[in-house]
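Asker: Provided below are the primary sequence and the corresponding predicted coordinates.
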Amino acid sequence: MSLNGISRGFLFAHIQQWRPAMATNQTVARCLSRSASQPEPSVDENEAVNPTFVNRNPRNLEQMALAVKDRGWKTTWPHQEFYHRLVFSRTQHHVTAEVFSSSSNVPVVSCSTKEWAMKQELASTNCVAACQAVGEVLAHRCQQAGIIRMVYRAIPWTYRSAGVQSFRTAMKDGGITLSEPRRKYIGT
């Protein structure tokens with residue numbers, strides 16, 4: 001108890017001793033004080049916007065169906081209004097399928113029975129099984145490239161053949177949608 005009494009008394013004495021000095025410092029400090037200035041907003045690194053913005057995903061507008069589709073002329077066939085177009089062709093010896101972009105005449109993704117690996121696995125390079133195999137491989141390659149929607153308009157008189165139908169079902173089973181969304185128009 002004596003220790004607590006001494007420490008309380010000692011602290012009380014020191015507080016009484018310094019109290020007048022603190023009072024004079026407070027009045028001086030009050031006279032010299034100013035209103036607090038507004039802090040400047042700090043720009044976090046994540047919120048800063050680069051003045052020269054470069055879109056690293058140019059297909060973003062296309063995937064949201066906001067990108068412009070070139071309409072072309074009404075009299076041309078096949079129509080030009082697409083982001084990606086699938087072209088399937090059969091000859092006497094081979095089956096070929098290619099995906100074209102609207103901005104280029106060079107195929108983005110292609111598959112053919114002319115490829116050595118395809119030719120080795122197939123008994124015939126122009127039969128219905130070859131069409132199905134080309135569809136499966138092309139669907140896998142399109143998935144890897146990130147192209148999951150494309151336009152496919154077959155020539156009307158070849159559309160009903162068994163090879164074209166097996167190619168279409170192989171593409172659909174591979175997760176590819178053979179139609180594109182309608183373009184969305186945003187009002188300004």
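Answerer: Perfect, thanks for sending it.
Asker: C-alpha only now, for contacts and for neighbours.
Answerer: Noted.
Asker: quick one: secondary structure of residue 75?
Answerer: What DSSP: H, G, I helix; E, B strand; the rest coil gives for residue 75 is coil.
Asker: how about the helices in the chain?
Answerer: With helices called from DSSP state H, the chain shows them at 2-32, 60-63, 116-121, 128-145, 162-173.
Asker: for this structure, what helix or strand is lowest in average pLDDT?
Answerer: helix 2-32 (a mean of 53; mean pLDDT, DSSP states H and E).
Asker: tally of neighbours for residue 95?
Answerer: The tally of other residues near residue 95 (other Cα atoms under 10 Å) stands at 24.
Asker: Touching, it and residue 128? I think so.
Answerer: No. Using Cα atoms under 8 Å, residue 95 makes no contact with residue 128, being 9.6 Å away.
Asker: List the contacts of residue 140.
Answerer: residue 174 (Cα atoms under 8 Å, 6 or more residues apart in numbering).
Asker: Next, find the distance separating it from residue 134.
Answerer: Distance from residue 140 to residue 134, counting by Cα to Cα, to the nearest Å: 10 Å.
Asker: tell me the pLDDT at residue 137?
Answerer: We have a pLDDT of 95 for residue 137.
Asker: meant to ask about residue 165, not that
Answerer: Residue 165 is given a pLDDT of 92.
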